[in-house]
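K.L.:
here is a sequence with its predicted model. Questions after.
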Amino acid sequence: MWGWRRRGAGPSGRGAEELRARRREREAALRKARRQEQLVSKRLLREDTTAEEGGQDGAEIVPDPLSEDEVLELLRAVQRGSEDRKRSLSRLRWALQNKETQQKFVRLDGSIRTLIGIFTSSLADMQMEAARCLHELSHSSDPAVAEACLPVTSYLLTYLSGHSVEFMELCLYTLGNLVVESEAVRKQLLPQGIIPVLASCIQSPHEAVLEGLGYVLSQLLQAKEAPTEIIPLVLDSVLPQHMLRLVCSGLKAGIGAAVEFAWCLHYIVCSHTANAALLSLGALPALTSLLLDLASEIPQDAPEGLELLVCPVLRCLSNLLAEETGCEVQIQDERLLIALFLILQCFLQQHPFIVQECLWLLNNLTDEPFFCSALLSLDLLPALLQLLPCSQMASVLVLTVLCNIAEKGPAYCQQLHRQPALPLLLPTLALPDPEVVGQCLELLHLLFLHWPEAAADFVTQGGHRALEQHQSTPELQERARALLDMVRQPLGASAFSPCHTTLSAFS
C-alpha cells in the first residue's frame with residue numbers, strides 16, 4: 001500500500017514523497033465517491049390549504065387523479081375568463097398536485113399557453129395563482145412535464161425584478177425545480193441570461209429571495225455540464241464574491257441563505273475549475289474565520305440548523321486544502337483545531353455525519369507539520385482517539401490522521417507512544433473490516449519504524465497475537481507477517497532498519 005525507502009536511521013525524502021503520493025491517491029478516490037453523493041432535490045412552496053380542501057390536523061392530502069374530460073373541463077373554465085376564473089385556477093392548482101393529472105394537463109393543446117397568458121397578465125391575484133399552478137408542474141418528477149414548461153422560462157427570469165418578494169420567491173423555486181429535471185431547460189436558460197439575472201438578484205435585501213436564488217444556483221452548479229458551461233459564466237459575474245459574503249455573514253444575516261450559498265461554493269470547489277479564483281477572493285481565510293465563529297456559537301445559543309451550515313463549510317475548507325494550489329501555507333492557526341473539536345463534541349450525538357466531515361478536514365490539515373504539532377501540544381489526541389469506534393469511515397479517518405502525525409518522524413511517534421494509543425489499537429485490530437485493520441497496520445508500521453520502543457510495548461500488551469489472526473486474511477496477511485517479523489526481533493536489532501520483506505509488504 002504505502003511505499004517506504006529508507007536510508008540510514010529514517011525515511012529518505014523520496015520515501016516520504018512516495019507515502020504521501022499513495023495516500024493522496026487513495027484519498028482522492030474517497031473524495032470522488034463523496035462528491036458523487038451530491039443532493040439534487042426539488043422544493044415545493046404551498047400555502048396551507050388543508051382546511052379549504054378538506055384536510056385535517058395539517059395532514060397532506062394528495063388529490064385523486066382527474067379524468068381527461070375533467071382536466072379539459074378545468075382548462076376551459078380557466079380559459080373562459082369568467083368571474084370564477086380565480087376559483088377555477090385554485091381548483092386547477094389543487095388538481096395539479098397529482099402526477100397523473102399533471103401529465104394529462106400538459107398533453108392538452110394550449111394548456112401551458114393559457115397559464116402563461118394569465119401569468120403575464122396585469123391582474124396580480126390571477127398572476128399569482130397561475131404562478132402557483134406552474135410551480136406545481138415544476139415539482140413533477142416526469143421530465144416531459146418539465147420540458148412542457150420550457151416556454152415559461154423567459155417570463156420567470158423577467159419577473160425576478162420589480163415584483164413582490166412572494167412572487168419572486170415563487171418564480172425562483174419554480175426555476176430551480178425545472179433546472180433539476182431537464183437539461184433542455186438548463187440549455188435554454190443559459191442563453192436567456194439566467195446568470196446575469198441571478199447576479200442582479202443576489203444584491204436583494206430580502207432573505208427569502210436570497211435563499212431561493214441560492215437554491216436555483218445550487219441546482220445549476222450540480223448539473224453534469226456545470227464545469228464547462230455554467231461555472232465559467234458564474235466566475236465572470238459578481239456571484240462568487242457575494243456568495244462568499246453571504247456565507248460568512250450567515251449568523252447575522254440569515255442562516256437559510258448562507259446554507260444554500262455554502263453548498264454553491266462546495267459544488268464550485270468540487271469542479272476543480274475555479275479554486276484559484278476562490279482563493280484569490282480570500283475564500284480560505286474567510287471560511288476559516290467563519291468556522292471559528294460557528295464554533296464559538298456552539299457553547300452558547302446556537303441557532304437551529306447550524307449543522308446544515310457547518311457541513312458545507314467544512315467540505316469547502318477540506319477540499320480547498322486538498323488541491324495542489326499551495327494554499328496550505330495560507331492557513332496556520334491552531335484555533336482551527338480547537339474549533340473542529342468543539343464542533344465534534346457538539347454534534348457527535350445528534351448529527352454524527354458531521355464527525356466524518358470534521359475528520360476529512362483534520363486529515364487534510366495534518367498533512368502539514370504545524371497542525372500535527374498543534375494537535376499534540378493542545379492535548380487533543382485523547383479526544384481524537386475516542387472517535388475510533390464511531391463508524392467505519394470515522395475509524396479509517398482517525399487512523400489516517402494518526403498516520404499523518406507518525407509520518408513526521410521519531411519525535412512525533414514518541415509523543416504518540418506516550419499517549420494511550422496502543423491499547424486502543426488492539427481492539428481495532430480485532431475488527432472484521434479489512435480497510436480499518438489495514439489502516440491500523442499502516443499506523444503500526446510507522447510507529448515501529450520510527451520508535452521501536454512502541455513495538456516492544458505492543459508485544460507486552462499481546463498485540464502480536466492480534467497480528468497472528470490476520471496471517472490468513474488475503475488482503476492483510478503480507479503486512480501482518482511483516483509487522484510480526486519486526487516485533488519478534490530484539491529491541492535495537494536490524495529489524496527496524498531497511499529490509500526487503502517489510503518494504504514490499506507496505507508498498
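P.N.:
Cool, the structure landed.

K.L.:
skipping adjacent residues, who's closest to Ala223 in space?
P.N.:
Arg186 (5.7 Å; C-beta to C-beta, 6 or more residues apart in numbering). (Glycine included, C-beta is placed from N, CA and C.)

K.L.:
would you map the strands across the protein?
P.N.:
Assigned by DSSP state E, the strands in the chain fall at 6-7, 10-11.

K.L.:
what pLDDT does the model give the residue nearest to Ala223?
P.N.:
We note a pLDDT of 94 for Arg186 in this prediction.

K.L.:
count of residues packed around the closest residue in space to Cys390 that isn't next to it in sequence?
P.N.:
Nearest non-adjacent residue to Cys390, counting by C-beta to C-beta, 6+ apart: Val355, 5.6 Å away. For Val355, the count of nearby residues is 20 (other C-beta atoms under 10 Å).

K.L.:
hang on, the earlier thing: which one of the strands of the chain has the lowest average pLDDT?
P.N.:
Per-stretch mean pLDDT for those is lowest at strand 6-7 (a mean of 25).

K.L.:
what sits against Tyr192?
P.N.:
Not quite, residue 192 is Gln, not Tyr. Taking C-beta atoms under 8 Å, 6 or more residues apart in numbering as the criterion, Gln192 is in contact with 153-154, 157.

K.L.:
could you flag which of the residues you listed are buried?
P.N.:
For the contacts of Gln192, a neighbour count by 16 or more other C-beta atoms under 10 Å gives the buried set as 153, 157.

K.L.:
rewinding a little: quick one: the residue nearest to Cys390 and Pro389 touch, right?
P.N.:
No: the pair Val355 and Pro389 does not pass the contact test of C-beta atoms under 8 Å, sitting 11.3 Å apart.

K.L.:
which residue is nearest the centroid of the chain?
P.N.:
Nearest to the geometric centre of the chain sits Pro312, at 5.0 Å (C-alpha atoms, centre = their mean).

K.L.:
from Cys270, how far out is that residue?
P.N.:
Going from Pro312 to Cys270 by C-beta to C-beta, to the nearest Å gives 11 Å.

K.L.:
do the same with Gln127
P.N.:
Gln127 is 38 Å from Cys270, by C-beta to C-beta.

K.L.:
comparing the two, which residue is more hemmed in?
P.N.:
For Gln127 versus Cys270, neighbours defined as other C-beta under 10 Å are more numerous around Cys270 (23 against 17).

K.L.:
wait, the more buried one sits on Ser318?
P.N.:
No: contact criterion C-beta under 8 Å: Cys270 and Ser318 do not qualify, at 10.7 Å.

K.L.:
ok, how many other residues are close to Asn98?
P.N.:
Residues lying near Asn98 (other C-beta under 10 Å) number 17.

K.L.:
list the contacts of it.
P.N.:
So Asn98 contacts 62-66 (C-beta under 8 Å, 6+ apart).

K.L.:
measure Asp293 to Cys346 for me?
P.N.:
With distances taken as C-beta to C-beta, Asp293 is found 14 Å from Cys346.

K.L.:
correction: the previous question concerned Arg80.
P.N.:
59 Å.

K.L.:
out of those two, which sits in the busier spot?
P.N.:
Using other C-beta under 10 Å as the criterion, Arg80 and Cys346 rank with Cys346 on top: 20 against 11.

K.L.:
distance of that one relative to Ala262?
P.N.:
To Ala262, Cys346 is 18 Å away according to C-beta to C-beta.

K.L.:
verify the stated contact: Pro227 with Thr273.
P.N.:
Yes: the pair Pro227 / Thr273 is scored as a contact, 5.0 Å apart, by C-beta under 8 Å.

K.L.:
now do the shared contacts for the two.
P.N.:
With C-beta under 8 Å, 6+ apart, Pro227 and Thr273 have no common neighbours.

K.L.:
from Glu357, how far off is the closest residue to Val185 other than its chain neighbours?
P.N.:
Closest residue to Val185 apart from its sequence neighbours, by C-beta to C-beta, 6+ apart: Leu178 at 4.6 Å. Distance from Leu178 to Glu357, counting by C-beta to C-beta: 31 Å.

K.L.:
which one's more surrounded, the two?
P.N.:
In this view Leu178 and Glu357 are compared by other C-beta under 10 Å, and Leu178 has more residues nearby, 31 against 25.

K.L.:
leaving out the residues flanking it, which one is nearest to Phe448?
P.N.:
Leaving aside its sequence neighbours, Phe448 sits nearest to Ala455 (C-beta to C-beta, 6+ apart; 4.2 Å).

K.L.:
ah, wrong one, I meant Cys133
P.N.:
Distances taken as C-beta to C-beta, 6+ apart place Arg93 nearest to Cys133, at 4.8 Å, with adjacent residues excluded.

K.L.:
so that neighbour sits against Arg132, correct?
P.N.:
Yes: counting by C-beta under 8 Å, Arg93 touches Arg132, with 5.0 Å between them.

K.L.:
pLDDT below threshold where in the stretch 201-350 of the chain?
P.N.:
The stretch 201-350 of the chain contains residues with pLDDT under 70 at 253, 299-303, 324-330.

K.L.:
need the helices for the stretch 301-450 of the chain, in chain order.
P.N.:
Listed in chain order, the helices of the stretch 301-450 of the chain (DSSP state H, counting those that start in this stretch) span residues 306-322, 335-347, 353-365, 369-377, 381-385, 392-406, 410-418, 421-429, 434-450.

K.L.:
hey, least reliable of those helices by pLDDT?
P.N.:
Comparing mean pLDDT across the helices of the stretch 301-450 of the chain, the weakest is helix 421-429, with a mean of 87.

K.L.:
now do the buried residues in it.
P.N.:
Residues of helix 421-429 classed as buried by neighbour count (16+ other C-beta under 10 Å): 421-422, 424-425, 428-429.

K.L.:
format these as JSON lines; extra columns: distance to Cys413.
P.N.:
Below are the buried residues of helix 421-429 laid out as JSON lines (distance: C-beta to C-beta, whole Å):
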{"residue": "Ala421", "distance to Cys413": "10"}
{"residue": "Leu422", "distance to Cys413": "11"}
{"residue": "Leu424", "distance to Cys413": "16"}
{"residue": "Leu425", "distance to Cys413": "13"}
{"residue": "Thr428", "distance to Cys413": "18"}
{"residue": "Leu429", "distance to Cys413": "18"}
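
K.L.:
contacts for stretch 279-294?
P.N.:
Contacts for stretch 279-294 (C-beta under 8 Å, 6+ apart): 240-241, 244, 247-248, 250-251, 265, 306, 309-310, 313-314, 316-317, 320-321, 325, 327, 330-331, 333, 335-336, 339-340, 343.
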